[in-house]
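J.: Next one to model:
(chains A and B)
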Amino acid sequence: MGLEEKLPEGIITTQLEALVNWSRENSTWPLLFGLACCAIEMIATGTARHDISRYGSELFRASPRQADLMIVSGRVSNKMAPVIKRLYDQMSEPKWVIAMGICASAGGPFNNYAIIQGVDKIIPVDVYVPGCPPRPESLLYALDKLRAKQAKDTFRTYANRNMHASPNQAQEIESLEALRRLQPA
Amino acid sequence: MLNVAPRVRQYETLPSLQPPGIPAAAPLPVGESEDTRRIIERFGDAVLAAGMHHGQQIVYIKPDQLVPLAEFVKTDPHLRYETLIDVSAVDRSELPVSDHRFHTIYQLRSYSRKQHLMIVCPLEDADEPTAPSLTGVYSGANWPEREVWDLMGVRFAGHPDHRRILMPENWPNHPLQKQVPVGGEEVPFTLTWEDPEFESLGKQILEAKSVPPRLPPGMNLENMVINLGPHHPSTHGVLRLVVELDGETVVNVDADLGYLHSGFEKTGENKRYKDFVYYTDRMDYLSAMSNNLGYCLAVEKLLGVEIPPRAQALRVIMAELQRIASHLFWLSTHVLDVSGTGMSLLMYATRERERILDLFEMACGARLTVGYMRVGGVSRDIPPAFLPHLEEFLKIMPEQIDDYERMLTHGPLWSERLIGIGKITREEALDMGLTGPMLRGSGVDWDLRRDAPYSGYENYDFKVPVLNEGDCYARYLVRMEEMRQSLRIIRQAVDNLPDGPYRAEDRKITPPPRAELDISMEALIHHFKLMTEGFHVPPGMVYHGIESSKGELGFFIYSDGTARPYRLHVRGPSFNNLYAISKMSKGHMLSDVITNIGSIDIVLGEVDR
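T.: Below is the predicted model:
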């Protein structure tokens, strides 16, 4: 290690990419946003016993502009779906999504007219957490998984990502009626 | 993104899961009571039937006499039914009856006489059913009637604000009508990725388009109209409020609900009785035990099954622990919204709440959505380690409540923000159909545990805190005292915990113990029948209310004699209590709206259901 031998004490060298990923991993700020039962466990994760601040994620931001991580904590109803889509679009890149619980992942026990069968129908999801609701430990494990994913990110993938490709209009969501009309009876 | 081609492949329909049993309409009430006699005297032929059914007073009335009847029972000095508790409706198109497709059903309560009255109103028109609106008599009928219109499609003539309340405004149908399917997505049963069944995945639903916001009726654009929620840190979930402001003063508030509407009632009609217990957990997820209890009691009322004393005591212990846990969570979030010292109290209160969750975990394995109770008892006995841990909790908890009170009660910040805010008088509370701490904070001395005891509450000695001020501070004090009284009840229940079975021995309702399956063929048959088919419930209709932490949690069940409820309706306490937000907030500051939301103690899972 030629360079480091010549540097004064207290200075280390690293890749810029690794430094950026390291800082992102350790201060992923979630969006302060709860939907249903899982939100209660999300709050429990934030309180003293489970202490989400060990992961640098204790700062729940109420504004999507300041948040990096959306924890979809609970079932997503038809009425709420456009709102979630809009919130996601308002978050600035880079951004990640955890689908917390079986309802957000796949609809769970609510296979009916009111509930979207998984939030991945409207926004991309990075980590799925099973459970109804998942225990706080599961959510922390999901954060671990997310950190592993963040650590692998490269500048090249950012450069290739078309950030303007995602439709910003919530109106673009297809309607069921339209789908049904196309379907032969 | 979702512009994929719709799947063309049709699924073979699954074999019908309709359980055996011949559907039958609920029988008419028989016998008579003092109240029904008085109503028949007054209304004569307009009363189609009246009498008792499962211990409830029921009156069938013609639609044109419904409003006069409501006025009569409200004002008559011998009846005095001050409050409308609930409105629901039944679509009878799948019952073996040909007349009156829709019935609207009203639950009335007399607090002064401790009486409950159910009014059933058969509607004539099957296609466009119309019922007279009771909003002129009880203003609390406003939201429940809107809910019935939204989900069941029954119009209410003379309703002042006839809009949908839960579903999006452009929703094409009324989901609780029987011809409307449950909806959802079919689950592929295949093991190969090449199977075309997989093509269907991810190509589902989304009916709700984002619609441009509309100004709620009665609002004036000359003032500032702002939108609070559905994504807002202090609306306790996905509540949306449209607030009209004159400067900082609130002129008008309109609540937009339904962002967490999950179709519980429709789902319940397609599940067996025993399977719906787990759904009730997810309704008011802060008091899952109370929801379990309310549902089981309603089904048990229809079945007429006797619950062993140990099961009753266990239910009381769990329900009271849940009340404390729920109040702790209410306290911590309320303080977080209102006062600057919030974060520390959130940490303290959730620390004690975690202890209660540990106890639940010991008893049933889950922290939040417990599913502990069963029709006929509880799912399992408590483990030996439960009672010592509970003792420890009972020992430390009173001091902790004193601690919270020391931080808040006489604090200048806390009292400045709460005293005199969100005032509700006694008459308003009765008129709006408020229940629970909202009612007791306004000076009505009523608690279902004491005044209509269930699950053995008559054996416990406890006080019901009542304050007359009717503001947020009074409700805060009421809830704090309720926690202490709950501790007293648990103390008595633990001291007198009876031995014996923890669920009813009726093999038609509860499964036999595992050991019995090895030696008894009959037990095996019973187990098989229960697990595959469920138990059948005799035809009838019941309403049962319990005192949940938020107020009266009522379950209305219409049984047609099969293993699934024909109609299941939930009276969520937060739904009716939230109706008061408009009255509470008018004339106060915008920040007081947040105080009022916290003070009502809503859980959106229960408001929207």
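J.: low pLDDT regions in the stretch 151-300 of chain B?
T.: Low-confidence segments of the stretch 151-300 of chain B, defined by pLDDT under 70, span residues B:186-213.
J.: Spell out, range by range, the strands that occur in it.
T.: B:155-157, B:224-228, B:240-246, B:249-256 (DSSP state E, counting those that start in this stretch).
J.: ok, for the residue in chain B positioned nearest to chain A, nearest residue in space, not its chain neighbours?
T.: Going by CB to the nearest CB, chain A is nearest to residue B:183 of chain B, at 3.1 Å. In this view, the C-beta of every residue, glycine as well, is placed from N, C-alpha and C. Of all residues not flanking residue B:183 in the chain, residue A:113 sits nearest, at 3.1 Å (CB to CB, 6 or more residues apart in numbering or on different chains).
J.: Number of residues surrounding the one you found?
T.: 24 (other CB atoms under 10 Å in any protein chain shown).
J.: Could I get the strands of the stretch 151-300 of chain B in TSV, plus columns for mean neighbour count and distance to chain A?
T.: What follows is the strands of the stretch 151-300 of chain B, written out as TSV (neighbours: other CB atoms under 10 Å in any protein chain shown; distance: least, CB to the nearest CB, whole Å):
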stretch	mean neighbour count	distance to chain A
strand B:155-157	17	21
strand B:224-228	15	11
strand B:240-246	19	9
strand B:249-256	20	9
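J.: sec struct for the residue nearest to residue B:183, please.
T.: coil (DSSP: H, G, I helix; E, B strand; the rest coil).
J.: Pick out the residue nearest the middle of chain A.
T.: The residue lying closest to the centre of chain A (CA atoms, centre = their mean) is residue A:97, at 1.6 Å.
J.: Could I get the pLDDT score of that one?
T.: At residue A:97, the pLDDT value in this model is 92.
J.: Was I right to think it contacts residue A:88?
T.: Yes. Using CB atoms under 8 Å, residue A:97 makes contact with residue A:88 at a distance of 7.1 Å.
J.: Would you mind listing the residues touching both of the two?
T.: A:70, A:123 (CB atoms under 8 Å, 6 or more residues apart in numbering or on different chains).
J.: Quick check, the residue in chain A closest to chain B?
T.: For chain A, CB to the nearest CB, closest residue to chain B: residue A:113, 3.1 Å.
J.: That residue reaches residue B:264, doesn't it?
T.: No. Residue A:113 is not in contact with residue B:264 according to CB under 8 Å; the separation is 11.8 Å.
J.: What does the pLDDT read for the residue of chain A closest to chain B?
T.: For residue A:113, the predicted pLDDT is 82.
J.: Any buried residues in the helix ranked longest in chain A, and which?
T.: Longest helix in chain A, counting residues (DSSP state H): helix A:136-151. Applying a neighbour-count criterion of 16 or more other CB atoms under 10 Å in any protein chain shown, one finds A:136, A:138, A:139, A:140, A:142, A:143, A:146, A:147, A:150 buried in helix A:136-151.
J.: Kindly report the same for stretch B:41-50.
T.: B:42, B:43, B:46, B:47, B:49, B:50.
J.: pretty sure residue B:541 is in a helix, no?
T.: No. Counting by three-state DSSP, residue B:541 falls outside a helix, being strand.
J.: contacting residues around the residue of chain B closest to chain A?
T.: A:112, A:113, A:114, B:175, B:205, B:263 are the contacts of residue B:183 under CB under 8 Å, 6+ apart.
J.: Report the two of those residues separated the most.
T.: Within these, two members stand farthest from each other by CB to CB: B:175 and B:205, at 13.0 Å.
J.: Output the helix or strand where residue B:41 lies as PDB, nothing but the C-alphas.
T.: Assigned by DSSP states H and E, residue B:41 belongs to helix B:34-43. What follows is helix B:34-43 as a C-alpha-only set of coordinates in PDB (Å, rounded to 0.1, in the frame of the first residue of the first chain):
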ATOM      1  CA  GLU B  34     -93.100  -3.700  28.300                       C
ATOM      2  CA  ASP B  35     -91.500  -1.600  25.600                       C
ATOM      3  CA  THR B  36     -92.800  -3.500  22.600                       C
ATOM      4  CA  ARG B  37     -96.300  -3.500  24.200                       C
ATOM      5  CA  ARG B  38     -96.100   0.200  24.500                       C
ATOM      6  CA  ILE B  39     -95.000   0.600  20.900                       C
ATOM      7  CA  ILE B  40     -97.800  -1.600  19.600                       C
ATOM      8  CA  GLU B  41    -100.300   0.400  21.600                       C
ATOM      9  CA  ARG B  42     -99.100   3.500  19.900                       C
ATOM     10  CA  PHE B  43     -98.500   2.300  16.300                       C
END
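J.: what comes into contact with that helix?
T.: B:32, B:47, B:50-52, B:57-59, B:61, B:65, B:68-69, B:72-73, B:76, B:78-79, B:115, B:117.
J.: Verify the stated contact: residue B:328 with residue B:352.
T.: Yes. Residue B:328 is in contact with residue B:352 according to CB under 8 Å; the separation is 5.9 Å.
J.: so where do the strands sit in the stretch 1-150 of chain B?
T.: B:47-53, B:56-61, B:83-91, B:102-110, B:115-122, B:130-132.
J.: okay if I get these as TSV plus distance to residue B:321 and mean pLDDT?
T.: What follows is those, written out as TSV (distance: least, CB to CB, whole Å; pLDDT from 0 to 100):
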stretch	distance to residue B:321	mean pLDDT
strand B:47-53	34	88
strand B:56-61	30	91
strand B:83-91	26	92
strand B:102-110	27	93
strand B:115-122	28	92
strand B:130-132	41	91
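J.: so which of the ones you listed is the most packed in?
T.: When these are scored by mean count of other CB atoms under 10 Å in any protein chain shown, the highest mean neighbour count falls to strand B:83-91 (a mean of 26).
J.: helices or strands next to that one in the packing?
T.: Other elements packing on strand B:83-91 under the criterion 3 or more CB pairs under 8 Å, 6 or more residues apart in numbering or on different chains; DSSP states H and E are strand B:102-110, helix B:142-152, strand B:540-547, strand B:552-559, strand B:565-571.
J.: I'd like the strands of the stretch 151-300 of chain B as TSV, with distance to residue B:92 appended.
T.: Listed next are these as TSV, based on distance: least, CB to CB, whole Å:
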stretch	distance to residue B:92
strand B:155-157	17
strand B:224-228	40
strand B:240-246	34
strand B:249-256	31
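J.: Can you name the residues that contact the residue of chain A closest to chain B?
T.: A:78, B:175, B:180, B:181, B:182, B:183, B:184, B:263, B:266.
J.: from those, which ones fall inside helices?
T.: Per DSSP H, those map to helices at residue B:266.
J.: Same list (the contacts of residue A:113) but as TSV, adding distance to residue A:69.
T.: Output for those, formatted as TSV (distance: CB to CB, whole Å):
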residue	distance to residue A:69
A:78	24
B:175	34
B:180	38
B:181	37
B:182	34
B:183	31
B:184	29
B:263	29
B:266	33
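J.: between the contacts of residue A:113, which has the most around it?
T.: Busiest of these [other CB under 10 Å] is residue B:263, holding 28 neighbours.
J.: my read: it touches residue A:114, true?
T.: Yes. Using CB under 8 Å, residue B:263 is in contact with residue A:114, at 3.9 Å.
J.: Report the set of residues contacting both of these two.
T.: B:175, B:183.
J.: Would you map the strands across chain A?
T.: A:69-73, A:96-100, A:127-129 (DSSP state E).
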